[in-house]
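*Asks:* for reference, the sequence and a predicted model appear below.
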Amino acid sequence: MIKFSSINNEAWLAALVESSNDAIISKTLDGIVTSWNASAERSFGYTADEMIGQSILKIIPLERHAEEELILECIRRGERLDHFETRRRRKDGTLIDIALTVSPIKDEAGNVLGVSKIARDITEERRGRETQRLLMREVNHRSKNLLAVVEAMVRRSITRSPPADFARRVSARIAALSRTQDLIVRGDWLGVDLSELVLAHAAIVRPPI
């Protein structure tokens, strides 16, 4: 095992913190910022000089101030928070979604001296999840509409004809519906050219009704 002197250890740790893609912040148990790395500057828009010595509430929206006190209470008890999703306010006033990992800083005796916080910007990730949820709801809505159409087609196809003839009628109508669906998807759900729709349906050999 390679060992480093305490000086090298401190330099190595400082380099890792400074080069991290995540915002790494330390603060006192009263929420006063004591360190602020380069990624924190990029994420929140404040320089280290603007934040060190200031309350962390500077980047926390007013309606979330109570949330910070709950976090500090957990830290004072020596507890750690993993992937706590919340929002913070940048210097320009815009809000960003972040995931926090918050840990107590302890001395050799185990006494909690301060707070270490790692913040990862998840704005795009959360936006992607919201988009996915919207798409899934839309797919669910469209699927129910499609099933309702299929049910109506089956009801309309019911006659006193033999089962084989009934099956052909339903199969032809489902094939027509499938072609319509293909045209809708190809048009990005924005519309269908009427002539294409007519030609697509005309290409299906349907038994007389």
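*Replies:* Looks like it arrived, so ask away. Residues are numbered from 1 along each chain as shown.

*Asks:* what number of residues lie near residue 117?
*Replies:* Using other CB atoms under 10 Å, residue 117 has 24 other residues around it. In short, each C-beta sits where N, CA and C put it, glycine included.

*Asks:* for beta bridges, what are the partners of it?
*Replies:* residue 25, residue 102 (DSSP bridges).

*Asks:* quick one, what contacts it?
*Replies:* 23, 24, 25, 26, 27, 100, 101, 102, 103 (CB atoms under 8 Å, 6 or more residues apart in numbering).

*Asks:* how far away is the second one from residue 66?
*Replies:* When CB to CB, to the nearest Å is applied, the distance between residue 24 and residue 66 equals 24 Å.

*Asks:* the two: which is more packed in?
*Replies:* residue 24 (20 against 9).

*Asks:* mind listing what that one touches?
*Replies:* Neighbouring residues of residue 24 by CB under 8 Å, 6+ apart: 17, 35, 37, 39, 40, 116, 117, 118, 119.

*Asks:* turn these into TSV, including distance to residue 182.
*Replies:* What follows is the contacts of residue 24, written out as TSV (distance: CB to CB, whole Å):
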residue	distance to residue 182
17	54
35	58
37	52
39	47
40	50
116	55
117	51
118	48
119	46
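
*Asks:* of all pairs in the residues you listed, which one is the farthest apart?
*Replies:* With distances taken as CB to CB, the most widely separated pair in these is 39 and 116, at 14.1 Å.

*Asks:* these two: which has the busier surroundings?
*Replies:* residue 39 (21 against 18).

*Asks:* now the more buried one. Nearest residue, chain neighbours left out?
*Replies:* Residue nearest to residue 39 in three dimensions, not counting chain neighbours: residue 23, with 4.7 Å by CB to CB, 6 or more residues apart in numbering.

*Asks:* my read is that that neighbour contacts residue 45, right?
*Replies:* No - Residue 23 lies out of contact with residue 45 (CB atoms under 8 Å); the separation is 11.2 Å.

*Asks:* the two: which has the busier surroundings?
*Replies:* Between residue 23 and residue 45, counting by other CB under 10 Å, residue 23 is the more crowded of the two (23 against 16).

*Asks:* roughly how far apart are the more buried one and residue 126?
*Replies:* Plainly put, residue 23 is 16 Å away from residue 126 if you go by CB to CB.

*Asks:* with the contacts of residue 117 in mind, which one is nearest to residue 54?
*Replies:* The closest of the contacts of residue 117 to residue 54 turns out to be residue 27 (CB to CB; 9.7 Å).

*Asks:* next, count neighbours for that closest one.
*Replies:* Counted with other CB under 10 Å, the neighbours of residue 27 add up to 25.
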